[in-house]
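Need a 3D model of the following:
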Amino acid sequence: MVPACFVTLAELPRLPNGKLDRRALPPPTKEQGAREAPYVPPRDPVEVSLAAIWAEVLGVERVGIDDDFLASAGTLSWRRGSRRACWRSTGPS
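Numbers count the residues shown, from 1 in each chain. Below is the predicted model of the structure:
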């Protein structure tokens with residue numbers, strides 16, 4: 001796994017016993033995180049349909065072809081919503 005961002009610190013915060021004080025670490029900011037990829041719209045009808053389904057499931061306005069599902073708040077809980085969205089767009093198999 002690759003971290004989403006790296007934060008540069010002059011030194012790590014330590015507890016009196018020498019261990020890392022994780023609570024004292026600063027939260028990462030947007031500027032320190034990875035750059036967002038530019039929006040690339042769907043190119044054909046299949047991609048348009050899939051992007052519409054994912055936008056509905058994730059509750060976002062738009063989904064591009066290069067968007068990262070997990071970075072877009074995708075979790076295992078999307079399964080029920082994705083099935084409903086697919087059935088509405090294509091009908092049950």
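
Any idea what residue 20 is bridged to?
Beta-bridge pairing for residue 20 (DSSP bridges): residue 14.

what's the burial count for it?
Neighbour count for residue 20, taken as other CB atoms under 10 Å: 11. (C-beta placed from N, C-alpha, C; glycine too.)

wait, it sits on residue 11?
No: using CB atoms under 8 Å, residue 20 is not in contact with residue 11, being 10.9 Å away.

intersection of neighbour lists for the two?
Shared contacts of residue 20 and residue 11 (CB atoms under 8 Å, 6 or more residues apart in numbering): none.

Tell me how many other residues surround residue 64.
Neighbours around residue 64, by other CB under 10 Å: 17.

Just the element for it, please.
Following DSSP states H and E, there is no helix or strand that holds residue 64.

That one contacts residue 47, doesn't it?
No: using CB under 8 Å, residue 64 is not in contact with residue 47, being 9.5 Å away.

Specify the local secondary structure of residue 52.
helix (DSSP: H, G, I helix; E, B strand; the rest coil).

Any figure for the gap between it and residue 16?
Using CB to CB, to the nearest Å, residue 52 is found at 55 Å from residue 16.

more crowded one of those two?
Taking other CB under 10 Å, residue 52 and residue 16 do not tie; residue 52 has more neighbours (15 against 6).

pLDDT value on that one, please?
The model reports residue 52 with a pLDDT of 88.

now it: how far from residue 40?
15 Å.

Also residue 62?
Distance, residue 62 to residue 40, by CB to CB: 11 Å.

what's the burial count for residue 54?
Neighbour number of residue 54 under other CB under 10 Å is 21.

I'd guessed it sits against residue 65; true?
No: using CB under 8 Å, residue 54 and residue 65 do not qualify as a contacting pair, with a distance of 10.3 Å.

what bits of this protein have low per-residue confidence?
The chain contains residues with pLDDT under 70 at 1-2, 4, 29-37, 69-93.

ok, 80 please
1-6, 28-37, 57-60, 68-93 (pLDDT under 80).

Let me see the ranges of the helices in it.
Assigned by DSSP state H, the chain shows helices spanning 45-58, 78-90.
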